[in-house]
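Visitor: Here you go, sequence then predicted model.
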Amino acid sequence: MRPKTKNFIPAFFSLKTESEDTENEKANKNVQYYRDLYKTFDDYLKKYPEIEQLAHEDLKKLCKSDSTRNRTPDFTTQNLFRAVLVTRMEGFTFRDAEIAIAESVTLQRFCRLDKKETISFQLIDQAHLALTPTTWQTLNEFFAARMVTEEKINPNLVRSDGTVVETNIHWPTDSSLCYDCYRTVDRIVGHAREAGLGPVLKDFRFHVDKIKKLDFRINQNAEAKNKDRKRRYKNDYDTIISRTEEIVRKAAEIVRILKAEGSVAALAFAAELAGYLPWMQKIVSVARRRFNGEQVPNEEKVFSLFEPHTELIQKGKKDKPIEFGHQIFLTQTPEKFITDCILYEKSPSETTMLPEVVDRHEEQFGRKPSGIAMDRGCHPGKEEMEFLRDEYEGEVEFLGIPSRSNDFGDEEMSRYQRFRAGIEGSISFLKRCFGLSRVLFKGFRGFCQGVNSAIFCHNFLVMARRDLAAE
């Protein structure tokens with residue numbers, strides 16, 4: 001029998017570092033590859049100090065000394081930027097990143113935290129917010145230019161394709177959006193009362209539970225065949241819209257009252273509620289129009305009170321005919337390096353993307369691609385294609401964009417389309433490993449941050465893997 005106090009797995013909780021490993025103790029193959037990967041990331045950042053300098057300009061406000069409190073910052077912008085890279089590379093939440101960095105010698109060394117405590121998840125979050133979408137895009141363009149200079153990627157032949165990245169919203173129905181409006185007003189007023197503003201808001205009462213039950217009953221009866229249930233559905237639908245119209249009018253009055261009160265807390269709550277108010281008014285207006293039988297265009301609808309920039313996109317997918325988010329358009333080299341990501345708040349048609357992809361490529365690399373492959377949905381039409389062929393004559397050798405199935409009979413077109421199919425794997429990889437199936441960051445700015453940071457980290461990882469494979 002083992003003694004009670006004997007550690008039968010003596011090395012399991014050992015704090016021995018890699019530097020203390022003996023020559024005979026060799027790391028597991030996968031562990032060693034993981035360490036080599038982060039060593040390659042570190043080599044890139046040391047080789048191209050401009051990357052950390054670009055990030056420094058955004059992050060330096062988080063590392064200011066406070067002379068009034070005789071306090072110096074605990075971390076450098078280098079620590080923060082590398083912690084953000086770890087978070088995005090590994091697909092961690094900010095809380096998970098804090099723990100992973102604290103518990104991993106490899107990640108601590110990559111983040112230059114050997115003699116410091118770990119970075120808190122709040123600070124990693126602030127650092128991610130501080131890095132603007134433009135900075136991430138600039139970082140990717142700089143990295144692409146360096147890879148071209150070193151002849152690690154060839155931008156002469158590219159492939160492009162679009163995909164939808166969803167925003168973090170629930171499935172929008174008129175009743176659920178009305179309930180969102182109602183509970184948001186109740187939440188803000190409740191917080192204002194807790195902050196001591198109860199006396200000025202004492203005349204306002206809300207019945208959120210009743211609205212929640214109405215929304216639930218509407219969803220239950222939406223597909224009902226029974227006449228009584230159909231009648232109940234219509235009455236409940238009218239009731240929830242009427243009560244939301246009333247609460248939106250009250251919200252406007254509450255904003256006026258809080259502004260008149262004038263305290264800092266009152267003005268803060270007034271600003272928060274006023275930010276939601278235009279979208280609430282639009283939601284309830286659309287719901288009323290649809291209840292009255294009017295066909296409302298998608299451009300006039302709001303699909304989320306909390307992410308009002310969200311678009312409804314129909315790409316004709318069998319398993320997902322309707323998606324809510326934004327369309328992004330990626331351009332990639334044969335080495336799987338994504339050189340460009342086009343992202344608009346209002347997504348254009350894919351048939352208009354060819355000239356923009358070519359123009360942006362020329363602006364980035366100083367020349368048009370010699371060949372470009374895109375899918376059939378990007379064909380701009382026969383007349384426009386002939387015009388573009390004449391315009392690009394002598395610069396773009398081949399436009400691999402079929403207009404019909406018979407075009408695949410052409411050997412060169414078929415070869416370009418096989419090449420184009422490779423970008424589908426990269427899109428899948430971005431969605432599975434970098435969180436682009438659904439971006440969880442708030443607002444359109446946060447959406448762009450999530451997409452652009454994922455693109456940069458994807459390229460960083462792709463080039464590191466290629467370097468390790470070449471060794």
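Guide: Nice, I can see it. As the structure is a computational prediction, the values presented were derived from the model and not from experiment.

Visitor: dump the residue contacts of Arg466.
Guide: Arg466 makes contact with Lys152, Glu335 under the criterion Cβ atoms under 8 Å, 6 or more residues apart in numbering. Just so you know, the C-beta spots here come from the backbone N, C-alpha and C atoms, and that holds for glycine as well.

Visitor: again, 7 Å this time
Guide: By Cβ atoms under 7 Å, 6 or more residues apart in numbering, the contact set of Arg466 is Glu335.

Visitor: what about it, helix or strand, and which?
Guide: Applying DSSP states H and E as the criterion places Arg466 in helix 443-470.

Visitor: now the helices: where do they sit in the stretch 201-350 of the chain?
Guide: Listed in chain order, the helices of the stretch 201-350 of the chain (DSSP state H, counting those that start in this stretch) span residues 208-221, 227-261, 264-291.

Visitor: Need the pLDDT of Arg229.
Guide: The pLDDT attached to Arg229 in the predicted structure is 86.

Visitor: burial measure for it, as a count.
Guide: 15 (other Cβ atoms under 10 Å).

Visitor: Likewise for Lys210?
Guide: By the other Cβ under 10 Å criterion, the neighbourhood of Lys210 contains 13 residues.

Visitor: can you check Glu356 too?
Guide: Other residues near Glu356 come to 14 when the count uses other Cβ under 10 Å.

Visitor: Nearest residue to it in space, please, no chain neighbours.
Guide: In space, Glu356 comes closest to Ile342 once its chain neighbours are excluded; the distance is 6.6 Å by Cβ to Cβ, 6 or more residues apart in numbering.

Visitor: Now do the one you found against Asn79, distance only.
Guide: 33 Å (Cβ to Cβ, to the nearest Å).

Visitor: Quick check: which of the helices of the stretch 201-350 of the chain is nearest to Thr149?
Guide: Across the helices of the stretch 201-350 of the chain, Thr149 has its closest neighbour in helix 264-291 (45.6 Å, Cβ to Cβ).

Visitor: What are the buried residues along stretch 194-202?
Guide: By neighbour count on 16 or more other Cβ atoms under 10 Å, the buried set for stretch 194-202 is Leu197, Val200, Leu201.

Visitor: Next, the angle from the helix or strand hosting Gln53 to helix 443-470.
Guide: Using DSSP H and E, Gln53 maps to helix 49-59. Per axes from the mean of the first three to the mean of the last three Cα atoms, to 10 degrees, the angle that helix 49-59 makes with helix 443-470 is 160 degrees.

Visitor: could you point out which element follows helix 49-59?
Guide: Secondary structure here is assigned by DSSP H and E; on that basis, the next helix or strand after helix 49-59 toward the C-terminus is helix 77-90.

Visitor: buried set for the helix holding Arg466?
Guide: If you call a residue buried by 16+ other Cβ under 10 Å, then helix 443-470 has these buried ones: 444, 446-464, 466.

Visitor: So which of Ile342 and Asn79 has more stuff around it?
Guide: Comparing Ile342 with Asn79 by neighbour count (other Cβ under 10 Å), the higher total belongs to Asn79, at 22 against 17.

Visitor: wait, what's in contact with that one?
Guide: For Asn79, the set of contacting residues under the criterion of Cβ under 7 Å, 6+ apart consists of Cys111, Arg112, Leu113, Ile119.

Visitor: Swap in 8 Å and give it another go.
Guide: For Asn79, the contacting residues are Cys111, Arg112, Leu113, Lys116, Ile119, taking Cβ under 8 Å, 6+ apart as the criterion.

Visitor: How far off centre is stretch 428-446?
Guide: Its chain's C-alpha centre lies 4 Å from the corresponding centre of stretch 428-446 when counted by Cα atoms, centre = their mean, to the nearest Å.

Visitor: contacts for that stretch?
Guide: For stretch 428-446, the surrounding residues in contact (Cβ under 8 Å, 6+ apart) are 88, 91, 129, 132-133, 163, 165-168, 306-307, 309, 325, 345, 447, 449-451, 454-455, 457-458.

Visitor: again, only using 7 Å
Guide: For stretch 428-446, contacts defined as Cβ under 7 Å, 6+ apart pick out 88, 91, 133, 165-168, 309, 345, 447, 449-451, 454, 457-458.

Visitor: buried sites along that stretch?
Guide: Counting neighbours by 16+ other Cβ under 10 Å, one finds that the buried residues in stretch 428-446 are Leu430, Lys431, Phe434, Gly435, Leu436, Val439, Phe441, Phe444, Gly446.

Visitor: Of these, just say which sits nearest to Glu52.
Guide: Comparing these against Glu52 with Cβ to Cβ picks out Phe434 as the nearest, at 20.9 Å.

Visitor: coming back round to it: quick one: the contacts of Asn79 as CSV, columns for secondary structure, neighbour count and pLDDT too.
Guide: What follows is the contacts of Asn79, written out as CSV (DSSP: H, G, I helix; E, B strand; the rest coil; neighbours: other Cβ atoms under 10 Å; pLDDT from 0 to 100):
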residue, secondary structure, neighbour count, pLDDT
Cys111, coil, 26, 91
Arg112, coil, 15, 89
Leu113, coil, 19, 86
Lys116, coil, 13, 73
Ile119, coil, 25, 89
